[in-house]
Structures are given as structure tokens and as C-alpha cells.
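> the following comprises the amino acid sequence and a computationally predicted model.
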Amino acid sequence: MTWFSDWWNNLQLVEQVLYCIAVPASLILIIQTIMMLLGLGEGGEGINPSDTSGLDMPDVDFDVSADGADLSGHDISSPSDIADFRLLSVQSVIAFLCIFGWSGITAIANGMPEWAALVLAAVLGFAAMLLVAKIIQWSSKLAQNGTFNVKNLLGESGTVYIPIPPKGSGSGKINISCGERFLEFDAVSNEGEIIATGVPVRVTDILSGSILVVERESS
């Protein structure tokens, strides 16, 4: 292994650090890819459209009436879309480290100053991170669309899980049964009073991003 020692000792310190980042990240990326091809990765059936496992946001109130949006329209950002965008997932971080390492090594090998190479590597790594996060988000939506159509919930009944603020001032959550599945969705209401936990509700409309508009179910 004399050739390896000579090669390694001839590298600059920055290059050695970049190799220590790039090589392990590449190996992990290859293992992740193989596991995905073998069906051993994340995902599968039973995906919850309001799953927030990538970004913990259960207690955040989303002001549906802000920026001119109202409950009768469909131009509103979805909390579940934000949750699905997992910028800091394992896959996206590994992609960043892999691209950052090899980009920096390549740039320095082509004569670029170290500081410029690191800046370029960071930019390319972050771009790869965003791309992987977006791919994960798209994959999640495809899986949801392939197994469940939220439009089927119109007119269905459910139960409030997290209280729903009045007149679109924020969102709560409801549990609703669809076939053999018991799902959780973000929900808003046009009613003047808060709808408390445990109150039965009926779905009257569906906004973009699978946000349900509900009203108290008449007894």
C-alpha cells in the first residue's frame, strides 16, 4: 500500500478532508440505492396524506385567510406539502455530502483556489439536497395518488382530533374512516366557533393539498 500512502501524503489537507467526506457518502448512497431497488427502503402502502414524519409540525396554526386566500378557493399552501418536503432527510444530507465532496475534489484538481472550490462545492451540494428533497416529495404524492383519492371524502363524516379554529383562522385535524383505513387530515371551518376535540363533523369541501373544509354534523 505504499502507492496509497504516497498519493495520500501528496494531497492537500483540504483534499484529504473532502475525500473523507465524499467516499463514505458515496458508499452510503450506493447502499441506499441498492436497498431501494430491492424494496427495502422507506415507503410502502398505508401512507398517511397528512404524515408529518419529516417535519414535526402538529401544533402549528396555518392562517388560511392570510394573503387574500379564503376557504372557498384553492390557492392555499398545504401543511402536508410542507411536511412532505424533507430537506433534512437522511437521503438529502447524504446527497449533499456526496456532491460537496466530489465537486470540491474535482474543482481543486482543475486548479481552482481552495476557497472558490469549497464555495462551488457547497452550492452544488445544496442544489443536490434540494433536488433529492423534491424527489422524495414527488414520490410521496405519487404513492398517495396511487392508493387514495381525497375527493372521495366529500360528504363523509369524521371526528375532530385537534380543535379547529373558527372562520378559517387556522387549521386543526380530523380522523376520518375511508374503507378499511382510518386516516388523519388537516381541516378548517367556516363556522364562527371553535370545533372541539371529539365533535363529529362532515366534509363539505376540499382545498388544494388535501385540506378538508368541515362543518358540525347535525344530530
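Looks like it came in fine. Numbers count the residues shown, from 1 in each chain.
> domain-wise, how is the protein divided?
2-41+85-147, 53-77+152-219 (automatic domain parsing).
> let's have those in CSV, adding mean neighbour count and mean pLDDT.
The way it works is simple: take the backbone N, C-alpha and C, and place the C-beta from them, glycine included. Below are the domains of the chain laid out as CSV (neighbours: other C-beta atoms under 10 Å; pLDDT from 0 to 100):
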stretch, mean neighbour count, mean pLDDT
domain 2-41+85-147, 15, 83
domain 53-77+152-219, 16, 71
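> ok but residue 185 is inside a helix, no?
No. Looking at residue 185 with DSSP: H, G, I helix; E, B strand; the rest coil, it is strand, so not inside a helix.
> right, and it touches residue 214 too?
No. In this structure residue 185 lies outside contact range of residue 214 using C-beta atoms under 8 Å: 9.2 Å.
> now for the two: what residues contact both?
158, 174 (C-beta atoms under 8 Å, 6 or more residues apart in numbering).
> and the longest helix along the chain, what other elements does it pack with?
Longest helix in the chain by number of residues (criterion: DSSP state H): helix 114-147. When contacts are defined as 3 or more C-beta pairs under 8 Å, 6 or more residues apart in numbering; DSSP states H and E, helix 114-147 packs onto helix 13-37, helix 79-84, helix 90-109.
> make JSON lines out of those helices and add distance to residue 116.
Putting these into JSON lines (distance: least, C-beta to C-beta, whole Å) gives the following:
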{"stretch": "helix 13-37", "distance to residue 116": "12"}
{"stretch": "helix 79-84", "distance to residue 116": "34"}
{"stretch": "helix 90-109", "distance to residue 116": "7"}
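> of all those helices, which one comes closest to residue 120?
Set against residue 120 and scored by C-beta to C-beta, the helices and strands packed on helix 114-147 come closest in helix 90-109, at 5.5 Å.
> got the angle for the longest helix of the chain vs helix 90-109?
For helix 114-147 against helix 90-109, the angle by axes from the mean of the first three to the mean of the last three C-alpha atoms, to 10 degrees is 150 degrees.
> helix 114-147: what's the following helix or strand?
Downstream of helix 114-147, the first helix or strand assigned by DSSP states H and E is strand 157-162.
> any figure for the gap between the closest residue to residue 155 other than its chain neighbours and residue 172?
Spatially, and ignoring its direct neighbours in sequence, residue 155 is nearest to residue 203 (6.3 Å; C-beta to C-beta, 6 or more residues apart in numbering). Per C-beta to C-beta, to the nearest Å, residue 203 is found 13 Å from residue 172.
> next one: residue 137
Computed with C-beta to C-beta, the distance linking residue 137 and residue 172 is 24 Å.
> repeat for residue 184
Taking C-beta to C-beta, one finds residue 184 at 11 Å from residue 172.
> okay then, goodbye and thanks.
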